[in-house]
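1. please find the sequence and the predicted model below.
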Amino acid sequence: MSKSLPYSTKDVDYDNAKFRHRSFSKVVTQNLLTGNLKRDCVSCSTGKFLFLILIFGVAYLVLAHASSGGVVSNDEKIVNRNSYANGSIVDGTGKIKKFWRRPPRLPPRLSPDEKVRSNGGGQILENPDAVRSMWIARQQKVKEAFLHAWSGYKKFAMGRDELMPLSRQGVDGLGGLGATVVDALDTAMIMGLDEIVAEAGSWVEEHLSERIRNKGQVNLFETTIRVLGGLLSAYHLSGGENGTNITQAGPKPEVYLETAKDLADRLLSAFTTSPTVIPFSDVILHDKSAHAAPGGLSSTSEVSTVQLEFNYLSSISGDQKYGLEAMKVMDHMKTLPKHEGLVPIYISPHSGEFSGENIRLGSRGDSYYEYLVKVWLQSGDNSNSNTSFLYEMYKEAMNGVRHRLVQKSIPNGLVFVGELPYGLNGDFSPKMDHLVCFLPGTLALGATKGLTKKQAMQNNMLNFEDLENLKLAEDLTKTCYEMYAVTSTGLAPEIAYFHTKDFSEEGHDGGNKSSEFVNDIIIRPADRHNLLRPETVESLFVLYRITEDPKYREWGWQIFEAFEKHTKVDTGGYCSLDDVTSVPPHKRDKMETFFLGETLKYLYLLFADRSLIPLDRFVFNTEAHPIPINLKK
């Protein structure tokens, strides 16, 4: 059994004045005035006489020091300075003054957040305006990367689900609904790229409804988070239902809403045709039917990661059926047995029960924990709402994570989240998917509810458990970043293992021998691929917004530069990699939709002003589509 980490409140802000050292003279004076020596000396006549001599001696030294105001030549200054440096004694009162001279006052130490930032080239940027200009320039680089990715997609794969940038063609791997178009749409809106918004919006208006009516099998989860979520976010950001209205380009907001309703009506068959409240995993769009996945089971994460989208659709359409069906899943899961809040990664739509014992926060388990807190936040963070039970489930689960899944690597103590493939009574596996790097952002969001740490502390919102979770979030973000920095390319593998007292493998490091953690992180040959995933930059974005620590921006910039160096395809688009531990890496012919929908969006927001899509007004679905929080309490 893994031991829980010794998290504490040591990271709480404190007044440095409480810890300032007293000077030597203050120590002597205080001891003379308050110690036993004073009482013993003044109790006899000899003691009184010696005490008076001491007082007059100190007074003489002070007056002698104050009276030295004569002009000293430069040569004398040099001689005296050299004599002092060499330990020699100067004539007259100078030798006493040199001995008694107070040390120069040092400037106050800056906190880590106040330290001067560097632009990476050795040039110090002391001017806040210069720092801000630097991040605006870096934000522009991310926008240029999005334009490059979109140009390849538009040229070679417009209307297909994904781009194959090396062979310069498109492929439909997500049901043929043009997933990249819809996934990238709100990113273009946030970046202010009206030309792309117009192109993507026109395609949605002219083609998507027809595809929804005629296409066959799609996955409930993937279609909900990418296509339905993208349509709903586009609806809000284009001004629908008291929306943000950050763009005037593209069709009217109602086009996105009506298309979303048509799609959701068909996806509802996964719920209504299931014998339990647990939906089937696959939907046939054209005839509104559904069936279970091969093997009969659904992923826990998939059935519990559609609630944000369906709830919001009910809110803006006025039809409660969407949210009611989706929330039945959460109501049911509340009643199922759990292990310290942790649940297996499979659930049966036929029995409504969890299946197997495998517990992990990677694939098939991850976003269950994410949506526990996000659906609660969506309802307006109201303890009296009918979603408050989700927050209690979340807190219990995070306690279970800290107790059962968190360990430290050796020799350098990276904090990581492992797995229990055979349940709580089985062996602990030090395996951590890159997908788990969503967790730091979720922990930080659950602790401060989207406010900065400073604001939350000023409002007395953080209890000990919140501080534990926030500390764990920072530790895990560090680990997720080091999974990038430890490789030869500067890009993370899909899966990493960690060296512990019970587990080690030789010869499987990340290739960057200069990394401090080269012996902590183990990367097996089969796990060395990189799919342009967003989870680490997602957590960097959230941690920066909440802690305001600029190191998260710096880490994000390093990751972005590695993407630019190793995954950019000259003819347009970006590609996945086969092996992040070798340079040059072998490229895979695939640009996932989430590179435009999530990875570049989170990098852009990381470098943006915090007023753009603020965390106390929006929650991001698991595909990074911002959904507005219901602020009505």
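-> Cool, got the structure.
2. SS state for Leu324?
-> helix (DSSP: H, G, I helix; E, B strand; the rest coil).
3. can you tell me the closest non-neighbouring residue to it?
-> Distances taken as C-beta to C-beta, 6 or more residues apart in numbering put Ser314 closest to Leu324, at 7.5 Å, once the chain neighbours are dropped. C-beta coordinates here come from the backbone N, C-alpha and C atoms, glycine included.
4. okay, and the one you found sits in which element?
-> helix 307-317 (DSSP states H and E).
5. elements contacting that helix?
-> Applying 3 or more C-beta pairs under 8 Å, 6 or more residues apart in numbering; DSSP states H and E, one finds that helix 307-317 makes contact with helix 229-237, helix 253-267, helix 321-335, helix 366-378, strand 626-628.
6. any idea which of the ones you listed is most buried?
-> Of the helices and strands packed on helix 307-317, the one with the most neighbours on average (mean count of other C-beta atoms under 10 Å) is helix 229-237, at a mean of 28.
7. report the angle between that helix and helix 253-267.
-> Orientation check (axes from the mean of the first three to the mean of the last three C-alpha atoms, to 10 degrees): helix 229-237 against helix 253-267 gives 150 degrees.
8. isn't the residue nearest to Leu324 right up against Lys321?
-> Yes - if you go by C-beta atoms under 8 Å, Ser314 and Lys321 touch, sitting 7.2 Å apart.
9. buried sites along the lengthiest helix in the chain?
-> Identified as the longest helix of the chain according to DSSP state H is helix 128-157. Using 16 or more other C-beta atoms under 10 Å as the test for burial, helix 128-157 gives 131, 134-135, 138-139, 142-143, 145-146, 148-150, 152-154, 156-157.
10. report the rounded mean pLDDT for the helix holding Ser314.
-> For helix 307-317, mean pLDDT is 97.
11. re the thing from before, out of the helices and strands packed on helix 307-317, which gets nearest to Val277?
-> Among the helices and strands packed on helix 307-317, helix 321-335 comes nearest to Val277, with 4.1 Å by C-beta to C-beta.
12. packing partners for the very next helix or strand once past the closest one?
-> Reading on from helix 321-335 to the C-terminus, the next helix or strand found by DSSP H and E is strand 346-347. Judged by 3+ C-beta pairs under 8 Å, 6+ apart, the packing partners of strand 346-347 are strand 298-299, helix 300-303, strand 354-355.
13. partners of strand 346-347, with directions?
-> strand 298-299 (antiparallel), strand 354-355 (antiparallel) (DSSP bridges).
14. average pLDDT across it?
-> Across strand 346-347, the per-residue pLDDT values average to 98.
15. how about stretch 189-208?
-> Here the average pLDDT along stretch 189-208 is 97.
16. which residues touch that stretch?
-> 143, 146-147, 150, 154, 158-159, 177-178, 181-182, 184-185, 188, 231, 234, 237-238, 246-251, 255-256, 259, 601, 604-605, 612-613 (C-beta atoms under 8 Å, 6 or more residues apart in numbering).
17. next one: it to chain centre, how far?
-> With C-alpha atoms, centre = their mean, to the nearest Å as the basis, stretch 189-208 stands 28 Å off its chain's centre.
18. swap in stretch 364-376?
-> 15 Å.
19. with just CA atoms, put that stretch into PDB.
-> This file holds the C-alpha atoms of stretch 364-376, laid out as PDB (Å, rounded to 0.1, in the frame of the first residue of the first chain):
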ATOM      1  CA  ARG A 364     -11.200   4.900 -19.800                       C
ATOM      2  CA  GLY A 365     -11.100   6.300 -16.200                       C
ATOM      3  CA  ASP A 366      -9.800   9.900 -16.500                       C
ATOM      4  CA  SER A 367     -12.600  12.200 -17.300                       C
ATOM      5  CA  TYR A 368     -15.000  10.600 -14.800                       C
ATOM      6  CA  TYR A 369     -13.100  12.400 -12.100                       C
ATOM      7  CA  GLU A 370     -12.800  15.500 -14.100                       C
ATOM      8  CA  TYR A 371     -16.600  15.900 -14.700                       C
ATOM      9  CA  LEU A 372     -17.500  15.200 -11.100                       C
ATOM     10  CA  VAL A 373     -16.200  18.700 -10.200                       C
ATOM     11  CA  LYS A 374     -16.800  20.400 -13.500                       C
ATOM     12  CA  VAL A 375     -20.500  19.500 -13.700                       C
ATOM     13  CA  TRP A 376     -20.900  20.800 -10.100                       C
END
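20. next up, the contacts around Gly216.
-> Gly175, Ile284, Leu285, His286.
21. just Ser385 next, same as before
-> Trp376, Ser379.
22. can you mark which positions in stretch 572-586 are buried?
-> Gly572, Gly573, Tyr574, Cys575, Ser576, Leu577, Asp579, Val580, Thr581, Pro585.
23. now the fourth one: how far from Lys513?
-> When you say that, I think you mean Cys575. 26 Å (C-beta to C-beta, to the nearest Å).
24. cool, and the last one?
-> Distance check for Pro585 against Lys513: by C-beta to C-beta, it reads 17 Å.
25. how much does the helix or strand hosting Glu554 deviate in direction from helix 128-157?
-> Applying DSSP H and E as the criterion places Glu554 in helix 551-567. With the same axes, to 10 degrees applied, the angle from helix 551-567 to helix 128-157 works out at 30 degrees.
26. could you name the helices and strands sitting against helix 551-567?
-> helix 128-157, helix 464-485, helix 535-547, strand 576-577, helix 600-606.
27. buried stuff in the helix or strand hosting Gly201?
-> If you go by DSSP H and E, Gly201 is part of helix 194-203. Neighbour counts using 16+ other C-beta under 10 Å place Ile196, Val197, Ala198, Glu199, Ala200, Gly201, Trp203 of helix 194-203 among the buried residues.
28. could those go into TSV alongside distance to Glu538?
-> As requested, the buried residues of helix 194-203 are arranged in TSV below (distance: C-beta to C-beta, whole Å):
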residue	distance to Glu538
Ile196	22
Val197	23
Ala198	28
Glu199	26
Ala200	22
Gly201	25
Trp203	27
